[in-house]
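Engineer: Curious how this folds, go ahead:
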Amino acid sequence: MLVLDDVRGYSAMHTGLAYLPYVAGVGLASGGFGPRLLGARPARAVIAAGMIICASGLAWYVMALTPASNYYAVMLPAMLAGGVGTGLTFVGCTVTGMRRSPHATLVSRPACSIPACRPAARWAWALWPRSPR
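Structural biologist: Here you go, the predicted structure:
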């Protein structure tokens, strides 16, 4: 972020938009092809591939990023690789961790059981449209 803000002079909005490829990579990997890969390959292989892809994105930054470098040639591919690698690692680690948990720990309490949320839940329930009987 500092490179885009301080060195290139991007505004906060422009910097946020410039980081969208990373977010898109995480979304594609963790919600798209990551679960499919976990169905076909062991989780250990998916996690390792994710870490290697993420490290290659970071290596791309280290080798090619200069104050005068082009966003589309340097930052965009590195962000996509970092996002895809992070997404694959997240989904692999999540599935591995949840696989070993007993079922009782996977079920969470309802949100309105927290005392601070009860007034908001009552308010939302009062405003919820009801079907005529």
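
Engineer: quick one: the closest residue to L65 other than its chain neighbours from F90, how far?
Structural biologist: Spatial nearest neighbour of L65, chain neighbours left out: V74 (5.6 Å); criterion: Cβ to Cβ, 6 or more residues apart in numbering. Bear in mind the C-beta positions are built from the backbone N, C-alpha and C, glycine included. From V74 across to F90, the span is 25 Å (Cβ to Cβ, to the nearest Å).

Engineer: With A43 instead?
Structural biologist: 12 Å.

Engineer: next one: the lengthiest helix in the chain to chain centre, how far?
Structural biologist: As assigned by DSSP state H, the longest helix anywhere in the chain is helix 76-99. Its chain's C-alpha centre and that of helix 76-99 lie 8 Å apart, by Cα atoms, centre = their mean, to the nearest Å.

Engineer: what about the residue most central in space within the chain, which helix or strand?
Structural biologist: Closest to where the C-alpha atoms of the chain average out (Cα atoms, centre = their mean) is V26, at 4.3 Å. Per DSSP states H and E, V26 falls inside helix 20-28.

Engineer: The helix or strand that that helix is followed by: how far from the chain's middle?
Structural biologist: Sequence-wise, the next helix or strand downstream of helix 20-28 (DSSP H and E) is helix 34-40. Put simply, helix 34-40 sits 17 Å off its chain's centre (Cα atoms, centre = their mean).
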